[in-house]
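S.K.: next input, structure requested:
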Amino acid sequence: MSAGGMLSRSALVWLCIGQVMVLLPHLERLPLWIGGFTFLAVLYRIGLFRTSFNPLSRLFRVLLMVATTTGVIASYRTLIGLEPMIALLVSAAALKVLESYKDRDGYLLVSLAFFICVTNFLFAQSLPVVIYGLVTLMVLVVALIALNQVPGSTVTRNEFFLAGRLLLFALPMMLVLFILFPRIDPLWSIPSKSGQGITGMSDSIRLGDISRLGRSAEVAFRAQFSDSPPTRSDLYWRGIVIDQYENGTWRRSASSKPRPPRIGLKGNDSGATSISYRVILQPTMQRWLYALPIAESNSPGVVATADLTIESPRKIENQFGYEVTSWAREPKEIAAMPEELERAMVYPAKINPMTRTFVKDLRAQYSEPSAYVSAVLQYFRELPFYYTLSPLPLNGQNQIDRFLFETREGFCEHYASAFVVMMRLAGIPARIVAGYQGGELNPLNNAIVVRQFDAHAWAEVWLPNVGWQRVDPTATVSPDRVRLGLEAALSGQPDFLSDSPFALYRFRHVAVLDWLRIRYDALAFQWQTAVVGFNNRRQLDLLTGWFGEIKVSWFTLILLGSWAVVLAPLSWIMNRNSRRSARIPEEEQFVVVANGLAKRGFSWSKGESPQLFLNRMVAVLEPDDRDLEPLQKSVRDLYQP
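M.R.: Numbering: from 1, shown residues only. Below is the predicted model of the structure:
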């Protein structure tokens with residue numbers, strides 16, 4: 001420990017590095033001023049050590065505390081919630097940096113940094129986040145080592161090796177706690193995260209919304225199939241059914257009820273075969289989940305809804321895994337609730353007059369609903385419609401008129417919206433389904449990686465004696481979108497992936513980078529499945545398989561026994577050389593001499609100092625046997641006041 005309990009230069013540097021490292025992952029979710037304040041505090045404290053700044057007065061530090069607390073309240077409108085709490089904690093750590101002068105301040109600062117580091121895992125548990133967290137922990141351990149160094153010492157690679165060994169020693173205990181510690185729901189709750197920065201499908205669609213997702217290569221979810229996955233053209237990942245239109249916006253119905261028994265739902269009795277797979281969904285801050293039609297799931301936290309989708313009772317704030325069974329050939333629903341069909345035919349009057357006239361004339365030619373559907377698709381196929389990621393903006397109430405008869409260029413939401421409008425104006429129930437289409441197959445683990453640019457919208461129409469039938473007008477205009485994927489359909493349009501300039505997906509034509517990307521995707525899925533997805537249900541299944549029936553008394557003994565099994569050898573390894581390594585060369589030489597004399601009958605008395613023992617031996621031993629004077633002098637010089 002440094003002299004006088006004052007922070008040494010080495011300790012201060014590593015404390016500041018640790019504070020910056022724990023802050024960096026939170027920058028995207030905290031107000032900018034908190035990050036700026038922390039960096040300024042670190043720079044000021046380093047400048048103060050170099051005597052280029054004057055110390056802050058106590059009054060000024062109190063004013064800063066009041067100002068930062070007020071700033072957090074102003075930024076979040078509350079102090080209750082996960083993000084406000086973390087913002088307050090980071091601000092408190094920055095304030096502590098300003099007044100850290102002694103070792104005890106350093107220990108408190110490290111403790112705060114450990115806690116802030118852990119809070120990052122409340123938002124993400126991906127493999128890169130964990131690796132960064134371990135590196136941060138190592139830096140904080142180095143800071144602790146620097147706090148306990150002899151004054152004037154600097155941190156060398158030996159200290160880094162020591163920090164690495166300490167983390168390795170903690171690894172067995174961490175594994176035991178991960179596997180055995182009960183995963184129980186907390187007895188408390190805090191308001192959920194705000195979800196700022198989360199991209200993905202929302203519960204409403206305006207023309208142009210989904211096309212913006214085509215600029216992002218972020219992973220939306222991964223799905224691993226137990227058998228061979230379906231072809232790309234069959235990968236329609238249903239997420240949310242949107243059936244209400246108002247003021248240019250398509251919205252989901254006000255509430256989503258649990259799925260009731262559906263009369264006339266044809267499943268296995270029609271020869272349909274099921275496919276099973278596991279989905280790892282990235283945080284969306286929404287409740288709906290993605291699956292192939294028609295989905296069933298027995299995973300905890302997954303419920304089926306009346307519109308044949310699945311969702312979670314809570315918002316997906318962290319990566320979420322669930323098992324799904326779908327049908328390779330969609331079962332058909334030949335009966336539906338009246339209110340469901342009624343909602344699917346509502347459309348405002350007195351807007352899009354050109355579309356109304358066109359639909360009236362076309363409907364007169366095709367009285368059968370299926371024939372009318374085919375005629376509308378033929379209209380999209382024959383006229384020069386253009387599929388683009390950057391269509392011309394459509395303003396005003398008559399957006400469908402402008403799209404169908406003027407611009408004739410759009411993304412999937414343009415074609416799905418126009419098709420549904422043309423169905424409803426013809427008296428045919430129709431609705432929009434938003435989700436994703438396609439995905440990239442990873443050959444290493446048979447998993448489909450679905451990215452944000454795979455976002456898609458299509459239509460469903462109700463046909464007599466058939467039920468809800470999927471119709472994708474985008475596939476009529478651009479077949480490559482469904483058959484080959486978005487990139488092939490856009491033919492190198494510059495806006496594709498414009499929001500992800502550094503994504504590895506952009507460089508998949510480079511063999512080495514593509515090799516790394518595919519293997520990282522496989523490793524990331526394995527991490528999410530085996531580690532992040534290790535919930536209480538999987539833990540119980542694992543422990544039951546190992547120990548049979550789990551009883552509280554036996555489980556407590558197993559947990560305590562595992563700690564003893566792990567900690568006992570670790571304690572022996574860490575302490576076996578502690579006494580020897582603590583001795584200086586003169587002490588080592590004295591111990592060797594004392595042990596040799598003890599074998600000759602001259603024992604070292606309890607409580608006798610080394611100097612007195614050597615003096616006694618010089619007086620007792622024969623002159624020819626008195627070769628202890630050099631050691632006697634060294635010990636005297638060493639222990640004299």
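
S.K.: helices of the stretch 301-450 of the chain, start to end?
M.R.: 338-343, 353-365, 369-382, 399-402, 412-425 (DSSP state H, counting those that start in this stretch).

S.K.: what comes into contact with stretch 85-94?
M.R.: Counting by CB atoms under 8 Å, 6 or more residues apart in numbering, stretch 85-94 makes contact with 19, 22-23, 26, 29-31, 34, 37-38, 41-42, 68-69, 71-72, 75-76, 79, 109, 112-113, 115-116, 119, 190, all of which sit outside it. Placement of C-beta: from N, CA and C, glycine included.

S.K.: ok, stretch 174-183 next?
M.R.: Among residues not part of stretch 174-183, those counted as contacts by CB under 8 Å, 6+ apart are 534, 535, 536, 539, 542, 543, 555, 558, 559, 562, 563, 566.

S.K.: mind listing what's buried along it?
M.R.: Judged by neighbour count using 16 or more other CB atoms under 10 Å, the buried positions of stretch 174-183 are 176, 180.

S.K.: state the mean pLDDT of it.
M.R.: Per-residue pLDDT over stretch 174-183 has a mean of 79.

S.K.: where does the stretch 251-400 of the chain have low pLDDT?
M.R.: Counting by pLDDT under 70, the stretch 251-400 of the chain has low-confidence residues at 254-272, 328-336.

S.K.: rerun that using 80 as the cut-off
M.R.: In the prediction, the stretch 251-400 of the chain carries residues with pLDDT under 80 at positions 253-273, 327-338.

S.K.: what about the strands in it?
M.R.: Per DSSP state E, counting those that start in this stretch, the stretch 251-400 of the chain has strands spanning 274-281, 303-304, 310-311, 320-327, 386-387. These are given in chain order.

S.K.: for the third one, name the packing helices and strands.
M.R.: The one in question is strand 310-311. The elements that strand 310-311 packs onto, with contact taken as 3 or more CB pairs under 8 Å, 6 or more residues apart in numbering; DSSP states H and E, are strand 303-304.

S.K.: which strands or helices does the strand it packs on pack on?
M.R.: Based on contacts counted as 3+ CB pairs under 8 Å, 6+ apart, the elements that strand 303-304 packs against are strand 310-311.

S.K.: what does the strand it packs on rub up against?
M.R.: Strand 310-311 has contacts (CB under 8 Å, 6+ apart) with 256, 287-289, 291, 295-297, 302-305, 322, 324.

S.K.: circling back: from the contacts of stretch 174-183, keep the buried residues only.
M.R.: Taking 16+ other CB under 10 Å as the criterion, what is buried in the contacts of stretch 174-183 is 539, 543, 558, 562, 566.

S.K.: what sits closest to the first one if chain neighbours are left out?
M.R.: For residue 539, ignoring the flanking residues on the chain, the nearest one in space by CB to CB, 6 or more residues apart in numbering is residue 183 at 5.5 Å.

S.K.: just say helix, strand or coil for the one you found.
M.R.: Three-state secondary structure (criterion: DSSP: H, G, I helix; E, B strand; the rest coil) places residue 183 in coil.

S.K.: so residue 498 sits in a strand?
M.R.: No: under three-state DSSP, residue 498 sits outside any strand and is assigned coil.

S.K.: report pLDDT for residue 580.
M.R.: If you check residue 580, the pLDDT there is 52.

S.K.: before we move on, what about residue 187?
M.R.: What the model reports for residue 187 is a pLDDT of 49.

S.K.: same check on residue 31?
M.R.: The model reports residue 31 with a pLDDT of 91.

S.K.: pull the number of nearby residues for residue 489.
M.R.: Using other CB atoms under 10 Å, residue 489 is surrounded by 22 other residues.

S.K.: for it, which residues are in contact?
M.R.: Contact partners of residue 489, counting by CB under 8 Å, 6+ apart, are 387, 478, 480, 481.

S.K.: and those, which is closest to residue 274?
M.R.: residue 481 (27.2 Å; CB to CB).

S.K.: how about that closest one, what does it touch?
M.R.: Contacts for residue 481 were tallied using CB under 8 Å, 6+ apart; they are 387, 412, 437, 456, 474, 475, 488, 489.

S.K.: dump those to a markdown table, plus distance to residue 393.
M.R.: Shown next, in a markdown table, are those (distance: CB to CB, whole Å):
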| residue | distance to residue 393 |
| --- | --- |
| 387 | 17 |
| 412 | 17 |
| 437 | 24 |
| 456 | 21 |
| 474 | 19 |
| 475 | 24 |
| 488 | 26 |
| 489 | 21 |
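
S.K.: and the buried ones among those, selectable in ChimeraX?
M.R.: Once 16+ other CB under 10 Å is used to decide burial, the buried members of those can be selected in ChimeraX as follows:
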select :387,412,437,456,474,475,489
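
S.K.: helix/strand/coil for the residue positioned nearest the centre of the chain?
M.R.: Centre of the chain computed as the mean C-alpha position; nearest residue by CA atoms, centre = their mean is residue 124, 2.7 Å away. Three states are possible here, and by three-state DSSP the one that applies to residue 124 is coil.

S.K.: ok, it - contacts?
M.R.: The neighbours of residue 124, taking CB under 8 Å, 6+ apart as the test, are 25, 283, 318, 319.

S.K.: list only buried entries from those residues.
M.R.: 25, 283, 319.

S.K.: for those residues, which one is nearest residue 277?
M.R.: Closest to residue 277 out of the buried ones among the contacts of residue 124 is residue 319 (16.3 Å), distances taken as CB to CB.

S.K.: report the distance from stretch 546-556 to the chain centre.
M.R.: Its chain's average C-alpha position is 32 Å from that of stretch 546-556, according to CA atoms, centre = their mean, to the nearest Å.

S.K.: what of stretch 476-492?
M.R.: 30 Å.
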